[in-house]
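K.L.:
Sequence plus predicted model, see below.
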Amino acid sequence: MTESDPLDLEYRPRMPQRKDVSIGCIGSGFIMADCHLVAYRQAGFNPVAIASRNFDNAKAVADRHGLAKTYGDYRDLLDDAEIEVVDIAVPPDIQLEVVREAVQRNGHLRGILAQKPLGMNYAEAVEIVRLCEDAGITLAVNQNMRYDQSIRACRSLLDRGDLGEPVFASIDMRAIPHWMPWQERLGWVTLRIMSIHHLDSFRFLFGDPQRVFASIRSDPRTATKFPHEDGICLYILEYENGMRASSWDDVWTGPAMEGAEGDIGICWRVEGTEGLARGTIGWPSYPERTPSTLEFTSARHPGKWHQPTWDEVWFPDAFVGPMAQLLVALETASEPEIGGRDNLGTMALVEACYLSAKEHRAVEIAEISNSV
């Protein structure tokens, strides 16, 4: 391919020169066992230890992925002087506690990759960022939809100007996620679990909006299992320059699990003054490997739709990205692409959605970011 080839898009993450940094993993659930560690091994990274409250489960994950050390208490892992980077994949109501313990071992720990959402709320996220900055530990957040291949390729189109100035963007999600057990005790369903990916992707593509209007209702299926409010979520992001973005996050999708035919999928669209891009997200087909898709048309390359392709998928391949950008940040002494302080913008946006839905009004993001 040449530089002028419209299909020559940058959709892969930047990789570190040094891949042998010792990584300690906290948590042994699905996201660690089937996504993080699979991706790390594919990329040639160096996870060496894992800790979990369920030692037997942690040992099984360690044996499966070739990790040398297993701990039944994450504090013992944090005290392991070999470990330079900690990958924290625990429920959000435990995350602040784990980070607080980790920063006390700042003699050997250099970096932390924290799972999204970054704590229980915006205030906890601010505290996590403060703790890491005060300790001199580089914090990155595992907002991995930014590394879905179609989303990153769309960012490449925007960066090189093929779409011109963004005018409107949308995400239409009709999918039924697998809910984690800890969501029941927190009463969370969609905004902090699924919508947070879409909100962060909008920020990745277009920057920070000025305000948001959100409307939510419970998911009839999940309501039979535990009470919640944020099941089906609709929201509109307003940007100061006139740009608008909107998402429909529908985890009900009709009675697809109750006997009716399913209509499952996620599609997205970005319209600009010079071009149009649209795509699909392959994740709902997991564990079947289904790459996300992108096609675009541009006044710069008129007369046709362009359709780049790739073999990689979001789950688990895109999970290389968040750890890779943390390792790059460590070796270049720079802020990660998804640093903790940047992620406060995503956490504030999620919080603004909750407030908007509760008070039935548009909420300025500054209302949240200035509240702590």
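P.N.:
Here it is on my side, so go on. Numbering: from 1, shown residues only.

K.L.:
out of everything not next to it in sequence, what's closest to Asp20?
P.N.:
Take Asp20 and drop its neighbours on the chain: the residue closest to it by CB to CB, 6 or more residues apart in numbering is Asn46, 4.9 Å away. C-beta here means a position set from N, CA and C on the backbone, and glycine is covered the same way.

K.L.:
unless I'm mixing things up, that neighbour is touching Arg18, no?
P.N.:
No. Using CB atoms under 8 Å, Asn46 is not in contact with Arg18, being 9.4 Å away.

K.L.:
quick one, domains of the chain?
P.N.:
22-143+331-337, 145-315+344-369 (automatic domain parsing).

K.L.:
and the shortest one, how far apart are its ends?
P.N.:
End-to-end span of domain 22-143+331-337 (CA to CA, to the nearest Å): 21 Å.

K.L.:
Ok, stretch 364-372 next?
P.N.:
End residues of stretch 364-372 are separated by 15 Å (CA to CA).

K.L.:
which residues sit against that stretch?
P.N.:
122-123, 126, 208-212, 344-345, 348-349, 351-352, 355 (CB atoms under 8 Å, 6 or more residues apart in numbering).

K.L.:
Using ChimeraX, make a named selection holding only the buried ones among those.
P.N.:
In ChimeraX syntax, the buried subset of those is picked out as below (16 or more other CB atoms under 10 Å):
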select :122,126,208,209,211,212,344,345,348,349,351,352,355
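
K.L.:
Quick check: the farthest pair among the contacts of stretch 364-372?
P.N.:
Greatest spatial distance in the contacts of stretch 364-372: Ala123 and Gln210, 21.7 Å, computed using CB to CB.

K.L.:
picking up where we left off before, Asn46 and Arg18: who's more crowded?
P.N.:
Remark: of Asn46 and Arg18, Asn46 carries more neighbours, 17 against 11, as counted by other CB atoms under 10 Å.

K.L.:
May I have the phi/psi pair for that one?
P.N.:
Here is the backbone geometry of Asn46 (degrees, to the nearest 10): phi -130, psi 70.

K.L.:
Tell me how many other residues crowd Phe30.
P.N.:
By other CB under 10 Å, the residues close to Phe30 number 12.

K.L.:
Tell me which residues touch it, please.
P.N.:
His178.

K.L.:
how does it look with 10 Å?
P.N.:
By CB atoms under 10 Å, 6 or more residues apart in numbering, the contact list for Phe30 reads His36, Ala89, His178, Met180.

K.L.:
Which one of those is nearest to Leu157?
P.N.:
His36 (28.5 Å).

K.L.:
Quick check: the closest one vs Gln42, distance?
P.N.:
Per CB to CB, to the nearest Å, His36 is found 11 Å from Gln42.

K.L.:
If you go by neighbour count, which of the contacts of Phe30 are buried?
P.N.:
Buried members of the contacts of Phe30, scored by 16+ other CB under 10 Å, are His36, Ala89.

K.L.:
Could you report the neighbour count for the residue lying closest to Gln17 once chain neighbours are set aside?
P.N.:
Spatially, and ignoring its direct neighbours in sequence, Gln17 is nearest to Glu331 (6.3 Å; CB to CB, 6+ apart). When neighbours are counted by other CB under 10 Å, Glu331 registers 11.

K.L.:
Which positions within stretch 298-316 qualify as buried?
P.N.:
Buried residues in stretch 298-316 (16+ other CB under 10 Å): Ser298, His301, His306, Pro308, Trp310, Glu312, Val313, Trp314, Phe315, Pro316.

K.L.:
what sits opposite the residue nearest to Asp20 in the beta ladder?
P.N.:
On the basis of DSSP bridges, Asn46 is bridged to Ser22.

K.L.:
Counting neighbours, what do you get for the closest residue to Ala299 other than its chain neighbours?
P.N.:
Counting by CB to CB, 6+ apart, Ala299 lies nearest to Glu274, which is 4.8 Å off, once chain neighbours are set aside. Glu274 has 14 neighbouring residues, counting by other CB under 10 Å.

K.L.:
same question, Arg269
P.N.:
14.

K.L.:
Helix or strand: which one has it?
P.N.:
strand 265-272 (DSSP states H and E).

K.L.:
Show the subsequent helix or strand relative to that strand.
P.N.:
strand 275-281.

K.L.:
which helices and strands does that following strand pack with?
P.N.:
helix 149-160, strand 166-174, helix 196-206, strand 265-272, strand 293-298, strand 301-306 (3 or more CB pairs under 10 Å, 6 or more residues apart in numbering; DSSP states H and E).
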